[in-house]
Every structure is written in C-alpha cells, then in structure tokens.
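J.: sequence first, predicted model second:
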Amino acid sequence: MWLTSLKIAIIEKNTDSLDMLMNDIPELSDAKDIEQAIYLLREATEMLHTLQDETKISMGKIKKNIAFLRSTERQKINKLDIKL
C-alpha cells in the first residue's frame, strides 16, 4: 500500500503526500519491495530537485518583472513641491 501511494504521489508530483509518506516509511522485508522503494525514493528526490530548480527560475523571473515595473512607475509628486 505504501509503495502504491508513493508511486501515485510521484506521478501527481504531490509534494505534500511525498512529505507525509517520507515521515511514515514502513519496514519492508521483501527484497523486491525494498529495491522498488529505493528506486521510487530516488525518483522522488530527483523530482523534488527539479521542482526546486523550476521554482528558483520562476522566482528570478518574478523579481525581474517587479524590478521592471517599479522602474517604469511614475515619480510621486510631493504636493509641497513648487518646481512643477
């Protein structure tokens, strides 16, 4: 059941489910299940690193867009400024 849930979480890229499953890893006794779990955990780790890299790239783009928007903003005029 745990392996099936892990597979589903990886396919759905559901980081919340992955976190929950990682905190509750059962003790596996069958060699085939252990091998499958190792493979799936590697896939999950790779997926999380990929999502992290994509998030960093998106955050960089957002920061650049915000900086651009701020640079094109009109200067605020002080009401007491006599040099209009």
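T.: Arrived safely, thanks for sending.
J.: what is the burial count for Gln75?
T.: 5 (other C-beta atoms under 10 Å). Placement of C-beta: from N, CA and C, glycine included.
J.: correct me if wrong: Ala9 contacts Asp19.
T.: No: at 9.1 Å, Ala9 does not count as touching Asp19 under the criterion of C-beta atoms under 8 Å.
J.: more crowded one of those two?
T.: Neighbour count, other C-beta under 10 Å: between Ala9 and Asp19, Ala9 has more, with 21 against 12.
J.: ok, now which ones touch that one?
T.: Ser17, Leu18, Leu21, Ala44 (C-beta atoms under 8 Å, 6 or more residues apart in numbering).
J.: tell me which residues in whichever helix or strand it is part of are buried?
T.: Taking DSSP states H and E as the definition, Ala9 sits inside helix 2-12. Going by neighbour count (16 or more other C-beta atoms under 10 Å), the buried part of helix 2-12 is Leu6, Ala9, Ile10.
J.: now restrict the contacts of Ala9 to buried residues only.
T.: Members of the contacts of Ala9 classed as buried by 16+ other C-beta under 10 Å are Leu18, Leu21, Ala44.
J.: now the first one: closest residue in space, sequence neighbours ignored.
T.: The spatially closest residue to Leu18, leaving aside those adjacent along the chain, is Ala9, at 4.8 Å (C-beta to C-beta, 6 or more residues apart in numbering).
J.: kindly report the same for Leu28.
T.: Nearest to Leu28 is Ile34, by C-beta to C-beta, 6+ apart, at 4.9 Å.
J.: which one of the buried ones among the contacts of Ala9 is nearest Ile77?
T.: Taking C-beta to C-beta as the measure, Ile77 lies nearest Leu18 of the buried ones among the contacts of Ala9, at 52.2 Å.
J.: which residues does the closest one contact?
T.: Leu6, Ala9, Ile10, Ala44, Leu48.
J.: repeat that for Met47.
T.: Contacts of Met47 (C-beta under 8 Å, 6+ apart): Ile10, Lys13.
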